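Asks: structure, please.
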Amino acid sequence: MGKLSFFIIFCVYSNFLLSQEHKDILINDKENNTGFELLSGSIANKKYFFTGENHIYQKSNYLIQYKLTEYLHKNAGLNRILLEFGAGTGWLIDQYITTGESEYFEELKKYFSAENLALYEDLFELNKKNPGYPIHCHGIDLERFPQISIAALYFMLPEEAPKNDSLSISVETLRAIYSVADDYTNSDFYSANPGIIGEVEIYQTFELWLSDYPRLKEDYREYLGEDFDSFDKTIEGLIAGKKWYKLKDQRTLQETIFREQFMFTALKNLDTQFPDSKFYGQFGRCHIRTDNSSAQCYSYAMKSLIYKINESDKSDQLMIIPIFYVRNLFLKDKKFIENIIDDFWGTDEAVYLVKVPKDVKISNEFKDKTDFILINNLKLTKDQFAKDPYRTENQKKKIPSLRFSSEVEMGISFFNFTDLNSSLSAKGLPGFKSQIPTIGGIFSVFSPYGFYYGMEFAIGLSQRVNNDSTTLKLNSYNIIVNIGTSLLNTSWFSFNPSIGIGGGNFSLKEQKIISDPNSANLFSENYTNYTIYKNPSLLLDFKGELKFNIKIFSISFRGGYLLDVTNKRWKNPELLTNSPKTAMMGWHVRAGLGINLKVY
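Replies: The predicted structure follows:
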């Protein structure tokens with residue numbers, strides 16, 4: 001979960017050869033873990049194991065995480081998995097993998113991908129085989145997905161009602177919040193949205209419930225018994241998640257700094273609570289680096305979770321195994337691997353564990369903490385389950401990944417018809433208005449990482465001018481594809497600047513009343529009753545959009561400038577070099593009304 005990042009650029013000082021020690025970890029054979037035996041001489045004194053992933057490779061990431069967990073559990077005494085989720089989410093997952101109770105799994109199905117669910121099933125089966133030394137899961141992140149932690153809080157509640165009236169109201173409110181949580185997004189819980197129209201204002205409800213918790217904390221302690229500590233940590237994660245969301249919404253530097261410190265503190269607390277345990281986490285790469293700045297993750301100096309471990313007294317107990325995705329065209333990984341492996345042998349669709357020789361220094365990012373790397377040589381198109389085995393088509397996950405918007409719009413385009421109208425005036429015809437009303441539509445996609453994509457079309461309303469012998473009809477349209485970013489982005493408002501490229505066309509239909517067969521048409525020597533002139537354009541678009549969301553509905557206001565990069569002369573059908581220049585170039589403003597859809 002978290003940002004989609006471009007992966008790793010490293011400084012490399014020497015190469016290692018085809019004969020370099022490596023193992024195929026047999027990614028599609030869960031029962032065979034011989035590939036990880038390459039680690040056998042390096043793990044005895046390690047306490048913290050981390051692999052760095054790109055989140056979109058879900059199937060191979062899950063299989064790497066499971067196979068490495070199984071190997072470390074058997075050979076290094078690993079018994080605790082760290083998750084890039086909140087404490088409540090970790091609790092819910094831990095309840096399932098340690099008890100196997102279906103109610104927990106059914107709840108997880110609402111939110112997680114098939115690959116995540118497969119991991120949790122496999123961990124449960126692994127625990128069944130090793131009841132004396134089970135694996136536990138812990139979420140050490142702040143809670144970015146409040147619905148899951150709300151579900152965890154709900155499951156922690158005893159069935160009997162509390163005797164305290166004030167606590168009774170709080171508990172009943174929590175049960176009510178859980179009953180409607182699936183109808184809302186993450187931002188609905190963490191950010192006030194005055195544009196939401198509905199029976200319940202969930203933000204205010206949740207805010208009031210959270211703010212009342214400190215007053216009732218001791219009552220909850222008595223009511224919950226042994227589950228209180230988990231309940232309290234879950235609340236702590238929700239409060240921190242709410243603060244983080246505000247920092248993120250305001251685009252502050254503190255956003256990431258606060259989150260990394262929260263995870264490090266949570267890990268220290270776990271280490272204090274379970275001093276004899278060993279921990280393994282598979283986190284996004286930007287959390288798994290040992291320098292304090294990286295342009296591939298952030299453009300400012302900051303200390304990641306791993307940096308904080310690396311500068312602590314636990315540094316010698318840390319092992320990092322980064323993952324390189326060499327088939328991804330958008331990453332730098334393939335070039336890096338080819339630089340350090342002569343005649344790269346990873347031609348099959350496999351994942352390799354490679355031992356890095358001492359004379360190869362992977363500078364800055366991982367320093368001396370990386371004795372091994374994983375090379376993922378799978379195509380992204382094959383790195384996923386072909387079919388979700390856990391849900392029907394009508395059952396969807398509740399964490400949105402993409403948002404689609406479809407709108408109809410009206411507006412005005414402003415063009416310069418000075419040359420065209422001068423030519424018409426010389427022929428005794430009135431000119432066209434430079435302001436053309438338009439109707440059209442736009443289809444937009446908003447990614448969870450802040451990217452914006454849009455396809456827009458606009459059709460200009462026809463204009464007619466005439467004199468006694470000639471009638472002219474002017475039509476226009478354009479189609480633009482835009483890409484940009486979503487700024488000032490909240491659940492109900494966003495500003496989306498973008499640039500685009502597309503095409504357009506002016507069409508001019510001339511109809512003459514011919515009384516003299518020697519009469520000429522407007523721009524050509526064509527002696528028909530009517531003539532159609534075309535003026536196609538290659539367009540660049542520079543645009544900004546203000547978008548307001550009210551539940552599934554959206555209202556947008558767009559403004560921009562079209563730049564026509566063609567020669568601007570008319571055609572019929574050949575280029576008419578003496579025709580007046582007419583550019584589809586100028587300002588445009590539009591307003592739209594549409595519907596938002598989310599894909600989970």
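Asks: run the chain-centre distance for the host helix or strand of Pro214.
Replies: For Pro214, the element it lies in under DSSP states H and E is helix 202-224. Between the centre of helix 202-224 and the centre of its host chain there is 32 Å, according to CA atoms, centre = their mean, to the nearest Å.
Asks: likewise stretch 542-550?
Replies: Counting by CA atoms, centre = their mean, stretch 542-550 is centred 19 Å from the centre of its parent chain.
Asks: same question for that stretch: list its buried residues.
Replies: Buried residues in stretch 542-550, defined by neighbour count with 16 or more other CB atoms under 10 Å: 543, 545, 547, 549. Heads up, the C-betas are built off the backbone N, CA and C, glycines and all.
Asks: quick one: contacts of it?
Replies: 195-197, 405, 454, 482, 484, 491-500, 554-561, 563, 596 (CB atoms under 8 Å, 6 or more residues apart in numbering).
Asks: now which of those would you call buried?
Replies: Buried by 16+ other CB under 10 Å: 196, 405, 454, 482, 484, 491-492, 494, 496, 498, 500, 554, 556, 558, 560, 596, out of the contacts of stretch 542-550.
Asks: list the ones among the residues you listed that fall in helices.
Replies: Assigned to helices by DSSP state H, none of the buried ones among the contacts of stretch 542-550 qualify.
Asks: now, which of the buried residues of stretch 542-550 sits nearest Val180?
Replies: Set against Val180, the nearest of those by CB to CB is Asn549 (19.2 Å).
Asks: show me where the stretch 151-300 of the chain dips below the pLDDT cut-off.
Replies: For the stretch 151-300 of the chain, applying pLDDT under 70 flags the ranges 193-200, 290-300.
Asks: where along it do the helices fall?
Replies: In the stretch 151-300 of the chain, the helices defined using DSSP state H, counting those that start in this stretch lie at 165-180, 186-190, 202-224, 228-249, 254-273.
Asks: hey, which of those helices is tucked in deepest?
Replies: A comparison of these by mean neighbour count, using mean count of other CB atoms under 10 Å, puts helix 186-190 on top with a mean of 22.
Asks: just for the stretch 351-500 of the chain, where's the confidence low?
Replies: Looking at the stretch 351-500 of the chain by pLDDT under 70, you get 359-369, 381-382, 386-387, 391-402, 448-450, 488-491.
Asks: and the helices in it, which stretches?
Replies: 418-426.
Asks: kindly export the strand or helix carrying Tyr66 (C-alpha atoms) in PDB.
Replies: Using DSSP H and E, Tyr66 maps to helix 58-75. C-alpha atoms of helix 58-75 as PDB (Å, rounded to 0.1, in the frame of the first residue of the first chain):
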ATOM      1  CA  GLN A  58       1.900  -8.600  -5.700                       C
ATOM      2  CA  LYS A  59       2.200 -12.300  -6.600                       C
ATOM      3  CA  SER A  60       6.000 -12.600  -6.500                       C
ATOM      4  CA  ASN A  61       6.200 -10.300  -3.500                       C
ATOM      5  CA  TYR A  62       3.700 -12.600  -1.600                       C
ATOM      6  CA  LEU A  63       5.600 -15.700  -2.600                       C
ATOM      7  CA  ILE A  64       9.000 -14.200  -1.700                       C
ATOM      8  CA  GLN A  65       7.600 -13.100   1.700                       C
ATOM      9  CA  TYR A  66       6.100 -16.500   2.400                       C
ATOM     10  CA  LYS A  67       9.100 -18.500   1.300                       C
ATOM     11  CA  LEU A  68      11.600 -16.300   3.200                       C
ATOM     12  CA  THR A  69       9.400 -16.400   6.300                       C
ATOM     13  CA  GLU A  70       9.300 -20.200   6.200                       C
ATOM     14  CA  TYR A  71      13.000 -20.400   5.700                       C
ATOM     15  CA  LEU A  72      13.900 -17.900   8.500                       C
ATOM     16  CA  HIS A  73      11.300 -19.500  10.800                       C
ATOM     17  CA  LYS A  74      13.000 -22.800  10.400                       C
ATOM     18  CA  ASN A  75      16.600 -21.700  10.300                       C
END
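Asks: now it: buried residues?
Replies: Going by 16+ other CB under 10 Å, helix 58-75 has these buried residues: 58-73.
Asks: what mean pLDDT does that helix have?
Replies: In this model, helix 58-75 has a mean pLDDT of 94.
Asks: now find how far off-centre it is within its chain.
Replies: In this view, helix 58-75 has its centroid 25 Å away from the chain centroid, taken as CA atoms, centre = their mean.
Asks: toward the C-terminus, what is the element adjacent to that helix?
Replies: Per DSSP H and E, the first helix or strand lying C-terminal to helix 58-75 is strand 80-83.
Asks: after that next one, next one along is what?
Replies: Immediately after strand 80-83, counting by DSSP H and E, sits helix 87-99.
Asks: buried set for that next one?
Replies: In helix 87-99, counting by 16+ other CB under 10 Å, buried: 87-98.
Asks: and of those, the nearest to Leu238?
Replies: Nearest to Leu238 among the buried residues of helix 87-99: Gly88, at 7.3 Å, using CB to CB.
Asks: pLDDT at the closest residue to the closest one other than its chain neighbours, what is it?
Replies: Leaving aside its sequence neighbours, Gly88 sits nearest to Ser149 (CB to CB, 6 or more residues apart in numbering; 3.0 Å). Ser149 carries a pLDDT value of 97.
Asks: pretty sure Ser149 is touching Thr234, no?
Replies: Yes. If you go by CB atoms under 8 Å, Ser149 and Thr234 touch, sitting 5.1 Å apart.
Asks: hey, what's in contact with both of those two?
Replies: Common neighbours of Ser149 and Thr234, using CB under 8 Å, 6+ apart, are 86-88, 143.
Asks: now, the most widely separated pair of these?
Replies: Spanning the widest gap among these are Ala87 and Glu143, at 7.3 Å by CB to CB.
Asks: Lys163: neighbour count?
Replies: Number of residues near Lys163 (other CB atoms under 10 Å) recorded here: 10.
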